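Student: The sequence and its predicted three-dimensional model are supplied below.
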Amino acid sequence: MNKVVTNIRENLTTRKSLPFEKVKVMPASYYTSDDFLQLESDHVFRRDWVCLGRADELKQAGDFYTTELVGEPLLVTRGKDDQIRVLSNVCRHRGNIVASGHGNRSRFTCNYHAWTYDLDGELVAAPLMSKVKAFDQSSCKLPSFKTEIWLGFLFVNLDGNADPLAPRLSSLMPYLENYDVADRAHGFTEQTSWETNWKCLAENFMEGYHLDATHPTTLNPLTPSGLCEYVPSDGQFNAYYSYYDPNYPERGPFPPNLTEKEKRCSFMFGVFPNLVAAAAPNILIYLCLSPKTNNAVNVRWGMSSLPQSEGITKDQRDFMNLVNAEDKVKLEAMQKGLQSHYFVPGPFSNEHLEGPIVDMYRYMASRLGSDIDLG
Ligand code: FES
Ligand SMILES: [Fe+2]
C-alpha cells in the first residue's frame, strides 16, 4: 500500500475516537487520491448496501433503467412477478453492454450478436447457437445482485455478503417515522455527474453551515444555517434537523402524523455510504452518489411527493435545480482547491453545523481505517 493511502487510513482511524471539537478536516488526498478511490470501490461500494434510487421508479412489469456503480454496468428491471431485480448489464457472450437508457420492454437484445435476455436475466434466444456443443443456454443468465427495499429506496449489494440493511438502520427510524417516507410517490429521477469527489457532495448535503453563504436567496430564507440541529449518529447514518425560518410560510400538505415541530423542519439524513436525502413535510429529495473518478461523482437524484398530492410541481423542481447549481459551482471549485499542494486542512465550525461530516469520517474509518484488515 502506498504512503498516501496509508496516511489517509491512519488519519481516519485517529478521527474515530476523538471528540468532535478535536477533529480537523481530512487531508486533501482523502478527496483526490486515485489509489484511495480503488479501496473505496473494492471495500465500500462493492461490499456495502448502495442505494440506486426509489423502488417505485419502476411501476409496471417491464419497466427498466440502466445505470453504473463503480464501473459495473447495471440493468434494473421489474419482472412479470413484480419483483425488482438488479442485473449485470454485461452480455454473457463476449461482454457487450446489453441495454441502455430506460423504458418498458419484455426482452433485451444485445446489439452485437443478438443474444436476447428476459426481465429476469434469463437467456431466451441466441442465433445460430443450437448446434454448438459447448453451449448451455440455461447457464448463460445475467448475474443478479442482492437487493433490499428500505422505506421505498432500492439498495443493491454487489458482493452479496452484506447483512440485512433494515435492522442496521433501526435507530434512524424514530426520526423518520412520521414523514411516511415509504409512501412517497416517485416524481422524477435524473442521472448526471459533477466534477467533485463523491464524499464532498455527500458532506455538502449533510452540513448546514454553507446554507447562508452558498444559497443566499434560495435556502437561506427557508432554512438558515443558524437553525440547524445536529442529530447524534450510531455509526450507520448521519442526520440533522434543518428548521424553517419562523417567517417562512407552511409547507403543507402534511403527512397525517407529523408533529408541530416536524411541520417546521426538514429531516436531513444520510445512509452510509451513498444516500443523502431530505425528508420535508411535503416532498422527499434524494441523491444517490457513486464515484465516477477520484475527482468526479455520478449522481442519480430525484424528488418524490406525498401520495395524495398532485406530484412534484415545476416550481419545486426548478427550485431544486437552482439549489443544486449553487452547490455544484462551489464543489467544483473546491475540487480544484483540494488538488493544490498547499492546502492545509482547517478546523470545523460546530457540531450542529458540521457534525454529520465527522460521523461520515467515522463510518469510513470503520471500513477503511488503518486498524481494519483489508485482506
Ligand atoms: S456480445 Fe452480446 S451477443 Fe455477442
Ligand atoms: Fe447546498
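Tutor: Looks like it arrived, so ask away. Ligands and ions are numbered 1, 2, ... in the order given.
Student: ok, which stretches of the stretch 1-150 of the chain are strands?
Tutor: Taking DSSP state E, counting those that start in this stretch to define them, one finds strands in the stretch 1-150 of the chain at 50-54, 63-69, 72-78, 84-88, 102-104, 107-109, 116-118, 123-125, 144-150.
Student: Buried residues of stretch 110-126, list them for me.
Tutor: 110, 115, 117-121, 123, 126 (16 or more other CB atoms under 10 Å). In this view, the C-beta of every residue, glycine as well, is placed from N, C-alpha and C.
Student: quick one: that stretch to chain centroid distance?
Tutor: Chain-centre distance of stretch 110-126: 30 Å, with CA atoms, centre = their mean, to the nearest Å.
Student: what comes into contact with that stretch?
Tutor: With CB atoms under 8 Å, 6 or more residues apart in numbering as the test, stretch 110-126 has contacts from 61-62, 64, 75, 77-80, 85, 87-88, 91-94, 96, 98, 105-109, 127, 135, 137-138, 140-144.
Student: if you skip the residues just before and after it, what's nearest to residue 236?
Tutor: Nearest residue to residue 236 in three dimensions, chain neighbours excluded: residue 168, at 5.1 Å (CB to CB, 6 or more residues apart in numbering).
Student: From residue 91, how far out is that neighbour?
Tutor: 35 Å (CB to CB, to the nearest Å).
Student: One more: residue 103?
Tutor: Separation of residue 103 from residue 91 (CB to CB): 19 Å.
Student: Looking at the two, which is more packed in?
Tutor: When residue 103 and residue 91 are compared for neighbours, residue 91 comes out ahead with 22 against 11, by other CB atoms under 10 Å.
Student: Tell me, what's the model's pLDDT at residue 309?
Tutor: Looking at residue 309, its pLDDT stands at 88.
Student: can you redo the strands of the stretch 1-150 of the chain as CSV with mean pLDDT and distance to residue 40?
Tutor: Compiled in CSV, the strands of the stretch 1-150 of the chain are given as follows (pLDDT from 0 to 100; distance: least, CB to CB, whole Å):
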stretch, mean pLDDT, distance to residue 40
strand 50-54, 98, 11
strand 63-69, 98, 12
strand 72-78, 98, 14
strand 84-88, 98, 20
strand 102-104, 98, 27
strand 107-109, 98, 30
strand 116-118, 98, 31
strand 123-125, 98, 33
strand 144-150, 98, 18
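Student: ranking those strands by burial, who's on top?
Tutor: Ranked by mean neighbour count, these are led by strand 50-54 with a mean of 25 (mean count of other CB atoms under 10 Å).
Student: wait, the residue nearest to residue 236 sits on residue 234?
Tutor: No. Applying CB atoms under 8 Å as the test, residue 168 and residue 234 come out as separate, 9.2 Å apart.
Student: Looking at these two, which one has more neighbours?
Tutor: The neighbour count for residue 168 versus residue 234, taken as other CB under 10 Å, is higher for residue 168 (19 against 11).
Student: how near is the more buried one to ligand 1?
Tutor: Plainly put, residue 168 is 38 Å away from ligand 1 if you go by CB to the nearest ligand atom, to the nearest Å.
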